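Chemist: 3D, please:
(chains A, B and C)
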Amino acid sequence: MGTSAVAVHKRLIELRETIGQYDFAYFVLDDPIVPDAEYDRLIRQLRDLEAGHPELVTADSPTQRVGSKPISKFSEVRHRVPMLSLDNALNEDELLEFDRRVRERLKASDMDVQEIEYVAEPKLDGTAVSLRYENGQLVLAATRGDGRSGEDVTHNVRTIPAVPLRLRGTAIPPVLEVRGEVFMPIAGFLAYNQRASETGEKPFVNPRNAAAGSLRQLDPTLAAQRPLDVFFYAVGDHEGWEQPRTHSDVLERLRELGLKTCPEWKKVDGILGCLAYYASIGSKRDDLPYEIDGVVYKVNDLVWQTALGFVSRAPRWAIAHKFPAQEELTVVRSIEFQVGRTGAITPVARLEPIFVGGVTVSNATLHNIDELTRKDVRVGDTVIVRRAGDVIPEVVKVVKEWRPAKARPVRFPKRCPVCKSEIVRVEGEAVSRCIGGLFCPAQRKEAIRHFSSRPAMDIEGLGSKLIDQLVEQQLADHPADLYLLTADQLEKLERMGSKSAKNLLEALEKSKATTFSRFLYALGIREVGEATALALANNFATLDQLMAATEERLQLVPDVGPIVASRIRAFFRESHNLEVIHQLLASGIDWPVKTLDKVVDSPMAGKTIVLTGTLSSMTRNQAKARLISLGANVTNSVSKTTDIVVVGKNPGSKSTKAAALGVTIWKEQDLLKAVDS
DNA sequence: CCGCCTCGAGGTCA
DNA sequence: CTCGAGGCGG
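Modeler: Numbers count the residues shown, from 1 in each chain, chains lettered A, B, ... in the order given. The predicted structure is shown next:
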């Protein structure tokens, strides 16, 4: 070997650089600059050279896409910036409503708005990922998960040819997290299935699940054989990234960095522009090389996006406009009645399995009696089925002409199919409920299922079948009993060996460290979902305070009205619930008292504040509750002891008085800044 | 609700 | 090795 190490190193860098250029042209620009044979030749050269100099192999070399060995398990990744979901518009009216809300909100925050510029892009039917680049190197790839944390799938994402292992260009930010959609192009999907059928392997049912499944492989060599592709569409966490002014600029910047974006995205003007785009994408949907299930519109101006903000987990500045769901015909085999956590009785149609919207559907909910009566679904009926709102199968209507002569209307049960308690329907409500409460095993099961579910206490390894056994054998009557289970008890159950039992006990132990809002949600208080639980947790420092709160105090919390407030009071009045809570806390369930810390830390603590005028992002009462929870005193009249006066729109005389007394005056924005920190 | 992946249970066989 | 439960994601 006459070549010096320096020369080899230089050649390696050259090769990687050239291959990088070719990759960029091929994947991102979709405009190859060399024939495949030439590309392969360079890759072979690089491989040979690296083989002779293993010490010069770097992780971002194009030869290093497939890491050496399978990982042993997926680890959890916390998203520094949460991955949001989008609200859906299922028809034109909902879209118009979205546009109207956007414009009104912007006007309310004093923005000069006529017509909104949106960016429209197809909504890919794949699986969302977040990729983290540090100093231009791909260091982490994660699934969306629940939006707050997902799974580390770096080893698989690295194998996707269109994913750059290193960003290109000179202006590379030290930290850049990008969000995108991994999908399997239709051609790749068909080719893969063709080969699978030849080799006797199992074909994929649809491209979306194929893509999602590929990312969940432990062994990256398997993922590498799956024809995956990716489009990027947003930035998450970042350092040293100069945020552009618009979303379209973001997309262009991503592309310059070597991150592939969907070629179909387009700036459009106002709602008419959105609708025109929708129609045009719709007409070429079947010719696109990948599956899409709708169109996404985003307010292009990033300042406006910030002004619009978020509601719960979805941005107010974007919406997904879905294509109408595909529909198919099938036959109703039977109609059953299920009992939910609150005793709600839900009729479910068991169907002759039918392939619709990419999956085989064999069940469809009929929601409640009214729905069942209105649609008049009978056993033996031929029905139109579709998958509504993404996933849930739905009976659209009955084909009455094809009804068998013997078909009779379904009789709604008078007694609970599980515990035989009476079924009652509260005046004015759509649902009928089994009044058995926790006497009803179905409701006990559901309470435990809800308690251990992912967004609640997130107890891994506690599935439905296991909960059924625990309740039926009276090993657990309510959630608190879970923490008393022993390995001996568990191992006697079906499909529970010592390994599973140990895993479950560990998961239970792990779940004890939780958050206030998860715990509240897990309790299963009627009308208290994730969002309300979070709002409550943010507005009460401790569980004791919440349990002692009057309905009036509860209603100061955003999104809590008289009904929710009374449900919460009723829950905490029930002695049985108090016992369960007591037992749960005694078993060691705990959460960080972050609100208390905040009270101490908050710049609001101890300040006397007066609110005047109309606020746009919340009501005055909500602002008041928030401030109180941060330790401030909120009073009604301005005096010289007042620290801050927050002035909304159309303020009263308090504003002038404050100015006269020289009291600090804040606009709504100042308030938001102070309470958000 | 369904498809895909992984893992453990429990059987079979060496 | 096969079966099925459970986790995950849309």
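Chemist: from here on, contacts and neighbour counts on C-alpha atoms
Modeler: Will do.
Chemist: what residue ranges in the stretch 351-500 of chain A score low on pLDDT?
Modeler: Residue ranges of the stretch 351-500 of chain A with pLDDT under 70: A:389-390.
Chemist: the helices in it, which residues?
Modeler: Taking DSSP state H, counting those that start in this stretch as the criterion, the stretch 351-500 of chain A carries its helices at A:369-375, A:441-452, A:464-472, A:487-491, A:498-511.
Chemist: now for the shortest one, which elements pack on it?
Modeler: Identification of packing neighbours for helix A:487-491 by 3 or more CA pairs under 8 Å, 6 or more residues apart in numbering; DSSP states H and E yields helix A:498-511.
Chemist: Between helix A:441-452 and the helix it packs on, find me the angle.
Modeler: With axes from the mean of the first three to the mean of the last three CA atoms, to 10 degrees defining the directions, helix A:498-511 sits at 70 degrees from helix A:441-452.
Chemist: quick one: contacts of whatever helix or strand comes next after helix A:498-511?
Modeler: As assigned by DSSP states H and E, the chain's next helix or strand after helix A:498-511 is helix A:516-522. Helix A:516-522 is contacted by residues A:450-453, A:455-457, A:528-530, A:533-537, A:543, A:591-593 when judged by CA atoms under 8 Å, 6 or more residues apart in numbering.
Chemist: Selecting buried members of these in PyMOL, what would you type?
Modeler: Of the contacts of helix A:516-522, the buried ones can be selected in PyMOL as follows, counting by 16 or more other CA atoms under 10 Å:
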select buried, chain A and resi 450+451+452+453+455+456+457+528+529+530+533+534+535+536+537
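Chemist: Out of the contacts of helix A:516-522, which are close to DNA strand B?
Modeler: Taking CA under 7 Å from any atom of the strand as the test, DNA strand B is in contact with none of the contacts of helix A:516-522.
Chemist: For the closest residue to A:Leu470 other than its chain neighbours, give its distance to A:Glu446.
Modeler: The spatial neighbour of A:Leu470 that comes closest, neighbours along the chain excluded (CA to CA, 6 or more residues apart in numbering), is A:Ala476 at 5.5 Å. Distance of A:Ala476 to A:Glu446, computed by CA to CA, to the nearest Å: 12 Å.
Chemist: got a list of what the residue of chain A found nearest DNA strand B touches?
Modeler: Residue nearest to DNA strand B within chain A: A:Gly497 (2.4 Å; CA to the nearest atom of the strand). Listed by CA under 8 Å, 6+ apart, the contact set of A:Gly497 reads A:Glu491.
Chemist: gap between it and A:Lys465?
Modeler: Distance from A:Gly497 to A:Lys465, by CA to CA: 15 Å.
Chemist: Ok, A:Asn88 next?
Modeler: Going from A:Asn88 to A:Lys465 by CA to CA gives 33 Å.
Chemist: More neighbours: which of the two?
Modeler: A direct count of neighbours by other CA atoms under 10 Å for A:Asn88 and A:Lys465 places A:Asn88 higher, at 20 against 10.
Chemist: Nearest residue to that one in space, please, no chain neighbours.
Modeler: Nearest to A:Asn88 is A:Ala320, by CA to CA, 6+ apart, at 4.7 Å.
Chemist: Tell me which residues touch that neighbour, please.
Modeler: A:Leu86, A:Asp87, A:Asn88, A:Ala89, A:Lys123, A:Gly294, A:Val295, A:Val296, A:Tyr297 are the contacts of A:Ala320 under CA under 8 Å, 6+ apart.
Chemist: Now for the closest residue to A:Lys512 other than its chain neighbours: which residues touch it?
Modeler: Distance criterion CA to CA, 6+ apart; nearest residue to A:Lys512, sequence neighbours excluded, is A:Ile589 at 4.2 Å. Residues near A:Ile589 by CA under 8 Å, 6+ apart: A:Ser511, A:Lys512, A:Ala513, A:Thr514.
Chemist: so where's the stretch 551-677 of chain A uncertain?
Modeler: A:594-608, A:613-636, A:639-641, A:649-663, A:668-677.
Chemist: how about the residues of it near DNA strand B?
Modeler: Counting by CA under 7 Å from any atom of the strand, the stretch 551-677 of chain A has no residue next to DNA strand B.
Chemist: for chain A, same thing?
Modeler: Counting by CA under 7 Å from any atom of the strand, chain A comes close to DNA strand B at A:72-73, A:203-206, A:209-210, A:212-214, A:216-219, A:358-365, A:391-393, A:494-501.
Chemist: For the stretch 51-200 of chain A, just list every one of the helices.
Modeler: A:92-108, A:154-157, A:186-199.
Chemist: ok, A:Gly136 touching A:Val178?
Modeler: No: assessed by CA atoms under 8 Å, A:Gly136 is found out of contact with A:Val178, at 11.8 Å.
Chemist: end-to-end on stretch A:142-158?
Modeler: Stretch A:142-158: ends 11 Å apart by CA to CA.
Chemist: can you check stretch A:286-299 too?
Modeler: Stretch A:286-299 has an end-to-end distance of 27 Å (CA to CA).
Chemist: Residues contacting it, please?
Modeler: A:116-125, A:183-187, A:207, A:247, A:274, A:278, A:285, A:305, A:317-323.
Chemist: Please narrow those to those residing in strands.
Modeler: Among those, the ones falling in strands (DSSP state E) are A:117-124, A:183, A:318-322.
Chemist: Could you tell me how many residues sit around the residue nearest to A:Leu470?
Modeler: Other residues close to A:Ala476 by other CA under 10 Å number 21.
Chemist: Give me the phi and psi for it.
Modeler: Backbone torsions of A:Ala476, given as degrees, to the nearest 10, read phi -150, psi 110.
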